[in-house]
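Student: Here's my sequence, what's the structure:
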Amino acid sequence: MEKLEIALAEYIAVVGSSAASTSRAEDRSRYQGHLAQGALMYAALKKHDSIAMLKELVASERRSYGWDFLGGTEGSLAEASFNEFAELVESAE
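Tutor: Numbering: from 1, shown residues only. A predicted model of the protein is given here:
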């Protein structure tokens, strides 16, 4: 679990940094949504101690990243960070 918590914290930090540095106003609400989902993922780990719940949230977030495009370098960094975290979660038992 600790490895997932650290990976989630890293993902949230990247999304927060990307949100703070984006110049694309249209992306700001998307970043806020991804940060909110990150908070739900944290709750799944810490409060509920549920990998199954975390996997459901990651699957939902994958769809969200697939539908919405985050522009610029910031968006690429956020999406890459999510993919790294998601792959770790998806391989967890």
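Student: ok, R30 to A59 distance?
Tutor: Going from R30 to A59 by CB to CB, to the nearest Å gives 18 Å. Bear in mind the C-beta positions are built from the backbone N, C-alpha and C, glycine included.
Student: Those two - which one has more neighbours?
Tutor: The neighbour comparison of R30 against A59 (other CB atoms under 10 Å) goes to R30, with 22 against 13.
Student: Pull out the buried residues from the helix or strand of the chain with the lowest mean pLDDT.
Tutor: When the helices and strands of the chain are scored by mean pLDDT, DSSP states H and E, helix 51-67 comes last with a mean of 93. Going by neighbour count (16 or more other CB atoms under 10 Å), the buried part of helix 51-67 is M53, L54, K55, L57, V58, E61, Y65.
Student: so which pair among these is furthest apart in space?
Tutor: M53 and Y65 (18.9 Å; CB to CB).
Student: before we move on, the earlier item: what's the spacing between the helix or strand just after the least confident helix or strand of the chain and its chain's center?
Tutor: Per DSSP states H and E, helix 51-67 leads on to helix 72-90 as the next helix or strand towards the C-terminus. Distance, stretch centre to chain centre, for helix 72-90: 7 Å (CA atoms, centre = their mean, to the nearest Å).
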